[in-house]
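J.: Provided below are the primary sequence and the corresponding predicted coordinates.
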Amino acid sequence: MSSPDQPSPVPTADLAAYFQSRQIAFSKEGRLDLGFGRGRDQYHLFHYPAPAAEQSMGMFLEWHTEDFFDSPDGPHLAIGLRGPTTEDPHRGRGLALGILASRVIDPASPERMIPRFEGGPEPPGGPAFFIEDFSINEGTAPIQAWQMTRCKPARALQNDGVYRIDIHVSKGNAWAGIWQVSGTGGDYRLLGQSSCCEGGPASGVGPCGPCPEATGDIGVGNAFIGTGFANPLTRSWLGNIYIAHWRD
């Protein structure tokens, strides 16, 4: 049984039927392979109709990590929904997931460490995730402005794994859940969940107090998936990607 503390995803094989039975608009996207640099795309932009202000938008997918973590530079996956801007469509709010660290070496002073992701593992870092506002992270804003939740550990995240990722984004909240998938029938083990608001959509708790309405959310529905600091020859891929929107 699913509960706020132990949410269970709708099995991937049943997602289309689940959406159809509830008259939820959705699209299914094809397999996505992402590299980093050397002519390989770092991100992919999904064109999707804008949800109404009172609706939530979600992405549901399976990540096959393969050799994704064979990199010393903190490789991670980034997924953003619902908040692109005209100048840079690769924005929104969503999930940062991968090798993260609480502190990193200051490139200007290698003998000094500088703060990085709040709540992240100690250097050299480890598997973790948090909710990010990519619309605010434009290259100059401080981390505390766009790191919307503290890092949470995802200790079972590793190479040669399959992970189910669900993300829900509304005007007032962003929530993500991550499960390790095993068995041909889809056995899901929760690695963790994070939400801007106490409880989040998995619990039905409201109203949403601690998460202010994002200024970057201008009602555009597009979404993106990207990678950072990954080996350019990575074999990682994402499949069974669904994008949907529904009334809160």
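T.: Alright, I've got the coordinates.

J.: every contact and neighbour count from this point should use C-alpha atoms.
T.: Will do.

J.: distance between stretch 57-65 and the chain's centre?
T.: 8 Å (C-alpha atoms, centre = their mean, to the nearest Å).

J.: tell me the pLDDT of residue 197.
T.: Confidence at residue 197, expressed as pLDDT, is 72.

J.: then residue 131?
T.: Model confidence at residue 131, expressed as pLDDT, equals 93.

J.: ditto for the one 3 residues further on
T.: With respect to pLDDT, residue 134 scores 86.

J.: mind listing what it touches?
T.: 80, 90, 91, 92, 93, 94, 146 (C-alpha atoms under 8 Å, 6 or more residues apart in numbering).

J.: across the sheet, point out what pairs with the fifth one.
T.: To tie it back to what came earlier, the one meant is residue 93. Residue 93 forms beta bridges with residue 81, residue 133, as assigned by DSSP bridges.

J.: these two touch, right, it and residue 83?
T.: Yes - look at residue 93 against residue 83 with C-alpha atoms under 8 Å: they come within range, at 6.6 Å.

J.: looking at those two, which is more packed in?
T.: The neighbour count for residue 93 versus residue 83, taken as other C-alpha atoms under 10 Å, is higher for residue 93 (32 against 29).

J.: please name the residues that touch the more buried one.
T.: With contact taken as C-alpha under 8 Å, 6+ apart, residue 93 is in contact with 79, 80, 81, 82, 83, 131, 132, 133, 134, 135, 169, 174.

J.: gap between it and residue 239?
T.: Note on residue 93: its distance to residue 239, by C-alpha to C-alpha, to the nearest Å, is 21 Å.

J.: can you lay out the contacts of residue 93 as a markdown table showing distance to residue 31?
T.: Rendered in a markdown table, the data for the contacts of residue 93 read as follows (distance: C-alpha to C-alpha, whole Å):
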| residue | distance to residue 31 |
| --- | --- |
| 79 | 15 |
| 80 | 18 |
| 81 | 18 |
| 82 | 21 |
| 83 | 23 |
| 131 | 24 |
| 132 | 24 |
| 133 | 25 |
| 134 | 23 |
| 135 | 26 |
| 169 | 22 |
| 174 | 25 |
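
J.: that older thread, anything in contact with each of residue 93 and residue 83?
T.: With contacts taken as C-alpha under 8 Å, 6+ apart, residue 93 and residue 83 have residue 135 as neighbours in common.

J.: what helix or strand is the residue nearest the centre of the chain on?
T.: Centre of the chain computed as the mean C-alpha position; nearest residue by C-alpha atoms, centre = their mean is residue 95, 2.4 Å away. When secondary structure is defined using DSSP states H and E, the element that contains residue 95 is strand 93-100.

J.: before we move on, what about residue 175?
T.: Assigned by DSSP H and E, residue 175 belongs to strand 174-182.

J.: hmm, who's touching that strand?
T.: Residues from elsewhere that reach strand 174-182, judged by C-alpha under 8 Å, 6+ apart: 93-95, 131, 156-157, 161-169, 187-197, 200-201.

J.: at 7 Å instead, please
T.: 93-95, 162-169, 187-196, 200-201 (C-alpha atoms under 7 Å, 6 or more residues apart in numbering).

J.: which neighbours does that strand have in its sheet, and in what orientation?
T.: Strand 174-182 has these partner strands in its sheet, going by DSSP bridges: strand 162-169 (antiparallel), strand 187-195 (antiparallel).

J.: so which of those strands is the most packed in?
T.: Between the strands paired with strand 174-182, strand 162-169 has the highest mean count of neighbours, a mean of 23, where neighbours are mean count of other C-alpha atoms under 10 Å.

J.: could you give the angle of it to strand 93-100?
T.: Computed by axes from the mean of the first three to the mean of the last three C-alpha atoms, to 10 degrees, the angle separating strand 162-169 from strand 93-100 equals 140 degrees.

J.: centre of the chain to the helix ranked longest in the chain, how far?
T.: Taking DSSP state H as the assignment, the helix of the chain that covers the most residues is helix 15-21. Centre-to-centre, helix 15-21 and its host chain are 22 Å apart (C-alpha atoms, centre = their mean).
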